[in-house]
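1. please work out how this folds:
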Amino acid sequence: MTFRHLTLSASLCLCLCLAACGNREKASDSQTEDAAAAAPAKEAPLTSITPHETLPTIIDFNAVWCGPCQRFAPIFEEVSKEYQGKAIFLSVDVDRSSELARMFEVSSIPQLTVLMPDGTVKSTVGFMDKGQFIDFITPYLPK
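-> Sure, this is the predicted structure:
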């Protein structure tokens, strides 16, 4: 395992711990509940992500000003609910998490990245419909 993969691993553990502890932006209770139900991980800017021990992590790198990203957002949300327990789904705003975007070498958005438990990274760029998205992630999901 390379130093980069070790760094990514340690960072994801930290992010997951912070997320579990409720590290979110301040919002009214109803806004927080709505946001938590609507988006798997859009709350706090992330600075690092590391592989989960057993599940792939599927990352949607996006921005609020990106039309294709906004069209893909409900598809990402729907698939994340359908495949809950088979993968970790994270949505990352590249403007709010620019350091993380640089780590994953994001140069165009939307970028979908699969981070496997062994640290392997697979990415693709561009809008996908639901079927294309499922086809992209299926080979990386546990059987």
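
2. okay, and the helix or strand of the protein with the least pLDDT?
-> Among the helical and strand segments of the chain, the one scoring lowest on mean pLDDT, DSSP states H and E is helix 29-38, with a mean of 36.

3. immediately after that one, which helix or strand?
-> The helix or strand immediately downstream of helix 29-38 is strand 57-62, counting by DSSP states H and E.

4. in that next one, which residues are buried?
-> If you call a residue buried by 16 or more other C-beta atoms under 10 Å, then strand 57-62 has these buried ones: Thr57, Ile58, Ile59, Asp60, Phe61, Asn62. No exception for glycine: its C-beta is placed from N, CA and C like everyone else's.

5. which residues are in contact with it?
-> Residues outside strand 57-62 that contact it (C-beta atoms under 8 Å, 6 or more residues apart in numbering): 12, 49, 51, 69-70, 72-73, 76, 80, 87-94, 101, 104, 106, 109-115, 137, 140.

6. what's the distance between the nearest residue to His52 once chain neighbours are set aside and Phe104?
-> Leaving out its chain neighbours, the residue that sits closest to His52 by C-beta to C-beta, 6 or more residues apart in numbering is Ile88, at 5.2 Å. Distance of Ile88 to Phe104, computed by C-beta to C-beta, to the nearest Å: 15 Å.

7. Ile109 reaches Val94, doesn't it?
-> Yes. Ile109 is within contact range of Val94, at 6.0 Å (criterion: C-beta atoms under 8 Å).

8. list residues touching both of these two?
-> Counting by C-beta under 8 Å, 6+ apart, the common neighbours of Ile109 and Val94 are Phe61, Asn62, Ala63.

9. right, and out of these, which lies closest to Phe127?
-> Nearest to Phe127 among the shared contacts of Ile109 and Val94: Asn62, at 10.5 Å, using C-beta to C-beta.

10. which stretches in this protein count as strands?
-> Applying DSSP state E to the chain gives strands spanning 57-62, 88-93, 111-115, 121-125.

11. state the mean pLDDT of the second one.
-> The reference is to strand 88-93. Strand 88-93 shows an average pLDDT of 95 in the prediction.

12. and that strand, what does it pack against?
-> For strand 88-93, the contact count by 3 or more C-beta pairs under 8 Å, 6 or more residues apart in numbering; DSSP states H and E identifies strand 57-62, helix 67-82 as packing neighbours.
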